[in-house]
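Asks: Sequence and predicted structure below; questions after.
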There are 2 protein chains.
Amino acid sequence: MTVTLRCALRGARAVEQASKGDGVGGFPGCKPAAPHFYPITTTCLYSETIIPYYAAMQKAVRRSQASVRPPGRPREFDMDTALDRALRVFRERGYHATSIGDLTSAMRLATGSVYKAFRDKHAVFLAAFERYTGLRQEQTRSAAARGENGRERLRNVLLSYVEHSQGIEGRRGCLVVGSAVELSAVDPAIRARVEAQLKTNEDFIAGLIHEGHADGSIPGHVDAGDTARLMICITQGMRVVGKARLPLDGPRLVGVAMKLLA
Amino acid sequence: MTVTLRCALRGARAVEQASKGDGVGGFPGCKPAAPHFYPITTTCLYSETIIPYYAAMQKAVRRSQASVRPPGRPREFDMDTALDRALRVFRERGYHATSIGDLTSAMRLATGSVYKAFRDKHAVFLAAFERYTGLRQEQTRSAAARGENGRERLRNVLLSYVEHSQGIEGRRGCLVVGSAVELSAVDPAIRARVEAQLKTNEDFIAGLIHEGHADGSIPGHVDAGDTARLMICITQGMRVVGKARLPLDGPRLVGVAMKLLA
DNA sequence: TCTATTAGGGAATGATTGTTCCCGATTATC
DNA sequence: GATAATCGGGAACAATCATTCCCTAATAGA
């Protein structure tokens, strides 16, 4: 019914706006009332007790592995697979250009099933975003792990970024960049996540520089903070350039970028 | 003989329709139920005979200044002012999130008037894009002009980029970055323009490096091509980071970036 | 003054959108 | 077997979207 819809929308919006300001922890009705319904749009932005959809999902998986299955008919599709498929569409087309129809056909689910698993399109996007950042973080850290010292680890991270910015993967685009550009101006929930992710990445790079300071591979006068921020610009910029399909020569580009550590 | 605006439009459309390829994935906003009206997205990528709407406009203005006025009621609004207003909305919200209603209220025009002046929403965007790149190019070149040698000119360009990536202007965003991220994957016309603009910027930076080579302010071993491409990544990345509202310290950031010229 | 032509403006239109509703299916528990 | 609870799937819904239509106004030329 129309009234119901309007009320639900107004409610969600109100909660979101409220949490933007005061930062109330915990969100209503997430765990106890509806264990399979994850209203992450109402997640408190600055609370440290954010339980993103995906984390809640894993928790549910753990519970089911402990032979305590939630009541009702079990979910037939694999959530991660579905999110990966949603991810692909969102990365290629962005949020607004992706319709529910695009989403359902990509996820191979019916409309009703999507709305049973997620509150709305925004929640699907948020869940996809969490999954994306999780996967990317894993990839970046494993690239860093293949390095003898701070400098080499940083070089590997930059090379990994160039590779992901190129070819099919590059054309598909980065969801963080896409969200920053398309949504951060109008969507506080997205903006907070983008900001957090950029800060995480920056801290990671700054950490590698500090490691380089310690092991002697990076001169001590190289400012970790400033250099890391510039490198974030470089990596985000590479995703933009890669999306526009300009070729990027990894070794050459990274070779030049490594001058920043001189 | 006088070529009216409408004729110019029809001509442009004919060229675009003729050069329509196999239809590399339709434009998301385009409707299949308006067969007599084709979106601009079918423009041939590499045709050099594309005459964008706005260029035709300027031609018409020039002609009218030569006291040869086109027939019919004259336009009452200033095209550049209207485009500046459209620009602002497109930069803030992106293409898909900007409705015709947003556009008409921003441009202070009625729906019919917008559609009299432009073929469709896509054409408004394209015209706004052309105006944006024109204005930005002007700003960048004037920033470069305030420099004694190649190195100083390049520093000024980078500083100008940081300034534009910050604060309100930064939050508003760059239309080139926005177009690259949101549209270049599905819209060949936009992609071609984004690519061209990035190349233009890159060539400009490479030119400044060459000037530095010549005047001795930049060592000859600094590779102009590779360094310029990395600097394009930096500038585009700054726009992404600025859109996400992370603070950017111009002098510090540029100070680090100038190491690339060592 | 009449005609041709274009601009301004807003109502009308039809397609598409995100979302809800409903029904049958599947599971656990009683 | 009955009940409760959830899922899968698709039809139905209202809102919104981009676009067209139509009428009036303004200008040039005859």
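Replies: Cool, the structure landed.
Asks: and A:H221, helix, strand or coil?
Replies: coil (DSSP: H, G, I helix; E, B strand; the rest coil).
Asks: quick one: contacts of stretch A:179-191?
Replies: For stretch A:179-191, the surrounding residues in contact (Cβ atoms under 8 Å, 6 or more residues apart in numbering or on different chains) are A:16-17, A:20, A:41, A:43, A:45, A:94-96, A:122, A:125-126, A:129, A:193-195, A:198, A:236, B:92-94, B:97, B:171-173, B:177-178, B:181-182, B:240-241, B:243-245. In short, each C-beta sits where N, CA and C put it, glycine included.
Asks: Is any residue of it near DNA strand C?
Replies: No. Using Cβ under 7 Å from any atom of the strand, we find that stretch A:179-191 stays clear of DNA strand C, coming within 12.8 Å at best.
Asks: So is that stretch next to DNA strand D?
Replies: No. Contact of stretch A:179-191 with DNA strand D (Cβ under 7 Å from any atom of the strand) is absent, the minimum separation being 12.3 Å.
Asks: in that stretch, what's buried?
Replies: A:179-185, A:187-191 (16 or more other Cβ atoms under 10 Å in any protein chain shown).
Asks: now stretch A:121-132
Replies: A:121-132.
Asks: Stretch A:243-258 now?
Replies: So for stretch A:243-258, counting by 16+ other Cβ under 10 Å, buried means A:243-246, A:248, A:250, A:252-254, A:256-257.
Asks: Straight-line length of it, end to end?
Replies: Length of stretch A:243-258, first residue to last, Cα to Cα, to the nearest Å: 23 Å.
Asks: any idea how far that stretch is from the chain center?
Replies: Mean-position distance between stretch A:243-258 and its chain equals 23 Å (Cα atoms, centre = their mean, to the nearest Å).
Asks: Same check on stretch A:168-179?
Replies: For stretch A:168-179 - counting by Cα atoms, centre = their mean - the centre lies 11 Å from the chain centre.
Asks: rewinding a little: any idea which of the buried residues of stretch A:121-132 is closest to DNA strand C?
Replies: Distance to DNA strand C across the buried residues of stretch A:121-132 (Cβ to the nearest atom of the strand) is lowest for A:K121, with 3.6 Å.
Asks: Check the gap between the closest one and B:L87 for me.
Replies: Remark: distance between A:K121 and B:L87 (Cβ to Cβ, to the nearest Å) = 28 Å.
Asks: Likewise for A:L158?
Replies: For A:L158 relative to B:L87 (Cβ to Cβ), the value is 34 Å.
Asks: A:A110 too?
Replies: 41 Å.
Asks: which of the two has more neighbours?
Replies: B:L87 (23 against 10; other Cβ atoms under 10 Å in any protein chain shown).
Asks: does the residue in chain A that chain B sits nearest to sit in a helix or strand, and which one?
Replies: Nearest residue of chain A to chain B, counting by Cβ to the nearest Cβ: A:G237, 2.9 Å away. Assigning secondary structure by DSSP states H and E places A:G237 in helix A:224-243.
Asks: elements contacting that helix?
Replies: In terms of contacts (3 or more Cβ pairs under 8 Å, 6 or more residues apart in numbering or on different chains; DSSP states H and E), helix A:224-243 is packed against helix A:150-165, helix A:167-172, helix A:175-182, helix A:188-215, helix A:250-257, helix B:175-182, helix B:224-243, helix B:250-257.
Asks: want to throw these into CSV with mean pLDDT?
Replies: Listed next are the helices and strands packed on helix A:224-243 as CSV, based on pLDDT from 0 to 100:
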stretch, mean pLDDT
helix A:150-165, 98
helix A:167-172, 96
helix A:175-182, 98
helix A:188-215, 98
helix A:250-257, 98
helix B:175-182, 98
helix B:224-243, 98
helix B:250-257, 98
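Asks: For A:R141, find the nearest of these.
Replies: Closest of the helices and strands packed on helix A:224-243 to A:R141 is helix A:188-215, at 7.7 Å (criterion: Cβ to Cβ).
Asks: Any buried residues in that closest one, and which?
Replies: Going by 16+ other Cβ under 10 Å, helix A:188-215 has these buried residues: A:188-195, A:197-198, A:201-202, A:204-209, A:211-213.
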